[in-house]
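# my questions are about this predicted structure, shown below with the sequence.
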Amino acid sequence: MDGPFTTPPRPQGWLVRLALSPRFHRLAERLPLVRRFARAEGEALFDLVQGFVRSQVLMALVNLGLLARLARGPETTEDLALLTRVPLNRMEILLKAATALKLVRKRGTLWHLTPRGAAFTVVPGLAEMVSHHRALYADLADPVGFFRGPETTQLAGFWPYVFGAGIGDPEAHRFSRLMAESQTLVARDTLAQVDFSGQSHLLDVGGGHGAFLSAVAARHPGLRLTLFDLGQVVDSAPPLPAQITKVAGSFRDDSLPLGADSLSLIRVLYDHSDATVAGLLARAFEALPKGGLLVISEPMSGGDQPDPATDIYFAIYTMAMQTGRTRSVAEISTLLQAAGFVQITSPAPARPYVTRVLTARKI
Ligand SMILES: CC(C)=CCC/C(C)=C/CC/C(C)=C/C=C/C(C)=C/C=C/C=C(C)/C=C/C=C(C)/C=C/C=C(C)/C=C/CC(C)(C)O
Ligand SMILES: C[S@@+](CC[C@H](N)C(=O)[O-])C[C@H]1O[C@@H](n2cnc3c(N)ncnc32)[C@H](O)[C@@H]1O
């Protein structure tokens with residue numbers, strides 16, 4: 001709970017002083033223009049309060065398969081209740097909540113998807129991503145303990161490779177598939193900002209099942225491509241385009257393969273500590289020839305201007321993993337400069353919650 005505090009209050013901005021005054025709150029109700037702002041602020045605060053409940057409604061819709069079911073066509077409440085073994089009256093409440101979230105709507109006796117609900121069902125990997133939040137939410141069940149620093153987290157167990165631990169095959173498969181599915185949008189946004197047409201050979205380090213390189217292969221059929229990842233991961237990759245060569249190894253213990261004039265790190269750095277990232281970037285610098293291009297793509301913090309998506313979701317997500325962190329462009333740039341990279345650029349991202357791209361050169 002907030003307070004009590006023993007130190008004397010310090011000076012604050014006048015708008016904050018007004019907002020801190022219960023008398024002003026009562027007055028604001030009576031002043032037409034101010035009332036509009038006060039109500040909007042009230043709604044914004046209420047949204048914060050109910051955020052977790054919203055997310056849990058979404059998780060219930062996903063885990064019960066309701067959105068996927070409605071993507072096949074409209075259904076009655078009775079049929080949906082029967083199908084999911086949820087009592088009719090509770091199903092009605094869930095569907096009304098989903099209506100308020102603008103994911104479904106009722107016409108006559110039938111429930112339909114809205115365009116937003118429909119879009120949700122076709123974003124690659126999104127339903128699975130939502131389901132796996134069970135681990136993140138379990139870690140956040142005691143948020144104070146979480147921020148003070150727990151001994152272990154469930155999310156750390158979900159991504160065992162991050163610790164460099166041996167991973168059993170089913171495990172490697174589980175997270176690589178989730179990553180590969182969610183890679184579609186990341187690859188699209190990355191390739192919209194990086195032009196590989198001047199390059200002859202791209203090495204994708206921590207490339208998982210090769211989803212990014214498959215997207216590159218479709219765009220640049222003449223580019224040689226090398227996928228580098230842990231043995232269990234590359235071995236369980238699905239069949240890949242012929243221009244992709246797989247190399248197994250660990251960027252913690254092994255040198256990176258030589259010969260590529262460009263190197264990508266897609267959603268890799270934020271899994272790891274500064275020390276591991278510094279070691280990896282040094283190896284990347286070693287592996288590239290003069291003029292070589294380095295591409296980093298992952299959600300990044302807004303730094304001094306925290307971003308509404310990455311500084312909440314990804315920063316807390318990576319903290320729950322206990323090994324990495326969501327870095328800003330400035331923080332990654334510092335690590336890159338220390339490794340010897342120059343000409344660092346980062347265009348404004350189209351969808352910061354999908355990815356942000358940063359490029360650098362070895363000269
Ligand atoms: C024409 C008009 C005016 C209206 C028509 C109506 C209509 C048809 C509307 C539909 C419009 C449409 C095409 C919508 C498209 C929507 C899209 C593309 C939405 C995309 C959403 C993407 C989301 C929400 C992505 C979320 C990504 C997440 C949560 C990623 C999480 C990644 C994690 C946790 C990665 C972890 C990796 C680790 C472990 C840290 O290394
Ligand atoms: C978050 S996933 C990203 C996969 C892919 N680049 C993507 O964006 O879909 C991180 C990848 O780094 C790989 N990785 C982690 N530690 C590694 C290491 N020491 N050496 C090589 N790859 C590693 C993991 O196996 C995993 O495939």
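Received it, and whenever you're ready, just let me know what you need. It should be emphasised that the depicted structure is a prediction, and the values quoted were computed from it without experimental measurement. Ligands and ions are numbered 1, 2, ... in the order given.
# so after the helix ranked longest in the chain, what's the next helix or strand?
Longest helix of the chain, by residue count under DSSP state H: helix 32-63. Toward the C-terminus, helix 32-63 is succeeded by helix 66-70 as the next helix or strand (DSSP states H and E).
# quick one: list the elements packing against whichever helix or strand comes after that following helix.
As assigned by DSSP H and E, the chain's next helix or strand after helix 66-70 is strand 75-76. Judged by 3 or more CB pairs under 8 Å, 6 or more residues apart in numbering; DSSP states H and E, strand 75-76 is in contact with strand 110-113. The C-beta positions use only the backbone N, C-alpha and C, and glycine is treated the same way.
# where does this structure come near ligand 1, residue by residue?
Within the chain, the positions near ligand 1 by CB under 6 Å from any ligand atom are 115, 119, 123, 126, 129, 159, 182, 267, 270-271, 317-318, 353-354.
# among those, which lie within helices?
Per DSSP H, these map to helices at 115, 119, 126, 129, 182, 317-318.
# quick check, nearest of those to ligand 2?
Of all these, residue 182 has the smallest distance to ligand 2: 6.8 Å, by CB to the nearest ligand atom.
# circling back to that earlier point, show me which pair in the residues of the chain next to ligand 1 is furthest apart.
Spatial extent of those (CB to CB) is set by the pair 115 and 271 at 34.4 Å.
# more neighbours: which of the two?
residue 271 (19 against 9; other CB atoms under 10 Å).
# chain neighbours aside, what residue packs nearest to the more buried one?
What sits nearest to residue 271 in space, not counting adjacent residues and going by CB to CB, 6 or more residues apart in numbering, is residue 324, at 4.3 Å.
# what of residue 347?
Nearest residue to residue 347, sequence neighbours excluded (CB to CB, 6+ apart): residue 193, at 5.3 Å.
# need the buried ones from the ones in helices among the residues of the chain next to ligand 1 selected in ChimeraX.
Buried members of these can be picked out in ChimeraX with the line below, counting by 16 or more other CB atoms under 10 Å:
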select :126,182,317,318
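# what packs against the longest helix of the chain?
Counting contacts by 3+ CB pairs under 8 Å, 6+ apart, helix 32-63 packs against helix 22-28, helix 88-100, helix 126-139.
# from ligand 2, how far out is residue 189?
12 Å (CB to the nearest ligand atom, to the nearest Å).
# quick one, what contacts that residue?
Residues near residue 189 by CB atoms under 8 Å, 6 or more residues apart in numbering: 297, 349-351, 354-355, 357.
# quick one on the thing from earlier: need the worst-confidence member of the ones in helices among the residues of the chain next to ligand 1.
Going through those one by one, the lowest pLDDT turns up at residue 182, 86.
# is it true that that one touches residue 127?
No - when contacts are counted by CB atoms under 8 Å, residue 182 is not listed as touching residue 127 (10.7 Å).
# ranges for the strands of the stretch 151-300 of the chain?
201-205, 224-229, 244-248, 262-266, 293-298 (DSSP state E, counting those that start in this stretch).
# who's in contact with the closest residue to residue 97 other than its chain neighbours?
Nearest residue to residue 97 in three dimensions, chain neighbours excluded: residue 57, at 4.7 Å (CB to CB, 6+ apart). Shown in contact with residue 57 (CB under 8 Å, 6+ apart): 94, 97-98, 101.
# any idea how this protein splits into domains?
Split into domains by automatic domain parsing, the chain comes to 16-49, 51-122, 155-361.
# still on that earlier bit, ChimeraX command for the buried members of the contacts of residue 57?
Applying 16+ other CB under 10 Å to those, the buried members can be selected in ChimeraX as follows:
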select :94,97,98
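# what are the buried residues along the lowest-mean-pLDDT helix or strand in the chain?
Lowest on mean pLDDT, DSSP states H and E among the helices and strands of the chain sits helix 169-191, with a mean of 80. Neighbour-count burial for helix 169-191, counted by 16+ other CB under 10 Å, picks out 171-187, 189-191.
# that one relative to helix 126-139, how many degrees between them?
Interaxial angle of helix 169-191 relative to helix 126-139 (axes from the mean of the first three to the mean of the last three CA atoms, to 10 degrees): 110 degrees.
# CA atoms of helix 169-191 as CSV?
Extracted C-alpha coordinates of helix 169-191, given in CSV (Å, rounded to 0.1, in the frame of the first residue of the first chain):
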residue,chain,number,x,y,z
ASP,A,169,14.7,-32.0,-27.4
PRO,A,170,11.0,-31.3,-26.6
GLU,A,171,12.0,-28.2,-24.8
ALA,A,172,14.2,-26.9,-27.7
HIS,A,173,11.2,-27.5,-29.9
ARG,A,174,8.7,-25.7,-27.8
PHE,A,175,10.4,-22.4,-27.6
SER,A,176,11.9,-22.5,-31.1
ARG,A,177,8.4,-23.0,-32.5
LEU,A,178,7.0,-20.1,-30.5
MET,A,179,9.9,-17.9,-31.7
ALA,A,180,9.6,-19.1,-35.3
GLU,A,181,5.9,-18.3,-35.4
SER,A,182,6.3,-14.9,-33.9
GLN,A,183,9.2,-14.2,-36.2
THR,A,184,7.0,-13.5,-39.2
LEU,A,185,6.2,-9.9,-38.2
VAL,A,186,9.8,-9.3,-36.9
ALA,A,187,11.2,-10.4,-40.2
ARG,A,188,8.8,-8.2,-42.1
ASP,A,189,9.6,-5.1,-40.1
THR,A,190,13.3,-5.8,-40.1
LEU,A,191,13.5,-6.4,-43.9
